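Student: Fold the following, please.
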Amino acid sequence: MTGSLVRLHRSSRLTASALLGTALMTLVPLSPAHARTLPAVGATAETAALYDDEAGGNADADDPAIWRNDADPERSLVVATAKEGGLRVYGLDASLVQSIPAPAAPSEDDAPGRFNNVDLVTGLRTPSGRADVAVVSDRGSDRLRIYRIDPSRPGRPLTDVTDPAAAPVFSAGQEEVNEQSTVYGLATWQDRRSGRSYALVSRRDATELALLELLPNASGTVGYRTVRTLALPSSFRLPDGTSWTPCGEPGELPQVEGMVVDPANGVLYAGQEDVGIWRIPATLDGRATLIDKVREYGVPGTYDPGTEECVPGADPGFGGKRLAADVEGLTLFQEPDGDGYLMASSQGDDTFALYDREVSERNEYEGGFRVTAVSDDLDGSEECDGAAVLNEPLGSRYPDGLLVVQDGHETSAPGAGDGREATGFKFVDLGAVVDAAGL
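Tutor: Got it, this is the predicted structure:
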């Protein structure tokens, strides 16, 4: 979600200050107006709009993941979160295949389920064999939800296999769950050495990250256990010797949402929304490096309780050049030879930034692009929360792969001009992105 400047946190069991070293990459000087100069790519399809009101089922598009059906790529799926609206599953033509409601609240005084982010684990080792699953962060209940993907059920390919005994990740009980400092961002990871599967999650309104091991049971369900936690910094030393804390509502710290793990080296990339992109060992037991900063980095702000917004002060000029807060959906464009790109949604200026995956090269910035309107009936992507890339052929529709991005401002939706908040997902031919961005 967009924010004026930032957010805040609750303390965690492992602090970053003693364990994290911060090394900033050399920034390429670009004009703040560089967004207008980036190449534009049009979407090929869009999902039906989701509306965040009672008439629309309180559905709000957030984060997608792409599942490839290796046996029949034409029948691959896009799994996407809709917050209180639950989970949506789409075909490659962007049509709805399945809608899964979020869990109901335990009581009328408790928070209902609210699905925030989703990622996939392919070939999860279970007692009955390998399985592909979608893992979802349920912000409403502070839990993970796990869904098995079964292509033999074309109308209902996802089945809930969450262990009923799964406990809250960060909260001690329902009272804390209701405060909603709960699981937020999510990325999955399979350790190639051990074969174990994990989910990395962030905490809403906090800087805390947690590494959770997925635990398949003989009953066919999947639970999890916390391996360790880590807190990123909430304040920063600036080049002029002063200290800066991103502005946010009282009691909040600068949170992380967008996350992705590079399977080639077990590196987690985490987007601290009003700060920048961190590179951290996925095991959460090593050094964290801030590889790029948002433009607003270092800008002081004063919270106005009347407007519930942060009023920015003078920019001291310590920010980055190509990300405008919030930095959001992170995804990997993987190439067969092991090269490729880290892609980040620059929500504040409706662009996408590309970075080299080579850690030894300090994840150099490689360019960017925009997803823009094709027609009055097919608009672009604005205020993007989440994104997913799959650089593999997906049948005749997407032979060069697929990019799916959230559209936080669905201007072409019916009723969008009547004050209803509409969101959705845009499907983009990855070949067109490669050509436009010169990759």
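Student: give me every residue that touches residue 438.
Tutor: By C-beta atoms under 8 Å, 6 or more residues apart in numbering, residue 438 lies in contact with 39, 367. All C-beta atoms are positioned from the backbone trio N, CA, C, and that covers glycine.
Student: how close does it sit to residue 339?
Tutor: 15 Å (C-beta to C-beta, to the nearest Å).
Student: Next: residue 126.
Tutor: Plainly put, residue 126 is 33 Å away from residue 339 if you go by C-beta to C-beta.
Student: Check the closest residue to residue 99 other than its chain neighbours and give its pLDDT.
Tutor: In this structure, residue 99 finds its nearest non-sequential neighbour in residue 88, 5.8 Å apart by C-beta to C-beta, 6 or more residues apart in numbering. We note a pLDDT of 98 for residue 88 in this prediction.
Student: wait, isn't residue 88 in contact with residue 95?
Tutor: No. In this structure residue 88 lies outside contact range of residue 95 using C-beta atoms under 8 Å: 10.7 Å.
Student: Which one's more surrounded, those two?
Tutor: It is residue 88, of residue 88 and residue 95, that has more neighbours when counted by other C-beta atoms under 10 Å, with 25 against 10.
Student: and the more buried one, bridged to which residues?
Tutor: Per DSSP bridges, the residues bridged to residue 88 are residue 80, residue 99.
Student: quick one: it and residue 132, what's the gap?
Tutor: 18 Å.
Student: Quick one: residues contacting the residue nearest to residue 99.
Tutor: 47, 50, 59, 79-82, 96, 98-100.
Student: before we move on, which element is the residue most central in space within the chain in?
Tutor: Geometric centre of the chain, nearest residue: residue 258, 3.3 Å, by C-alpha atoms, centre = their mean. Using DSSP states H and E, residue 258 sits in strand 256-262.
Student: what angle do the following helix or strand past that strand and strand 256-262 make?
Tutor: Downstream of strand 256-262, the first helix or strand assigned by DSSP H and E is strand 267-272. Angle, strand 267-272 to strand 256-262, by axes from the mean of the first three to the mean of the last three C-alpha atoms, to 10 degrees: 170 degrees.
Student: Could you spell out the sheet neighbours of strand 267-272, each with its direction?
Tutor: When pairs are called by DSSP bridges, strand 267-272 turns out to pair with strand 256-262 (antiparallel), strand 276-281 (antiparallel).
Student: from the chain's centre, how far out does that strand sit?
Tutor: In terms of C-alpha atoms, centre = their mean, to the nearest Å, the centre of strand 267-272 is found 10 Å from the chain centre.
Student: And stretch 367-375, by the same measure?
Tutor: How far stretch 367-375 lies from its chain's middle: 19 Å, per C-alpha atoms, centre = their mean.
Student: do you know how far residue 342 is from residue 162?
Tutor: Residue 342 is 30 Å from residue 162, where distance means C-beta to C-beta.
Student: higher neighbour count, those two?
Tutor: A count of neighbours by other C-beta under 10 Å puts residue 342 above the other of residue 342 and residue 162, at 24 against 20.
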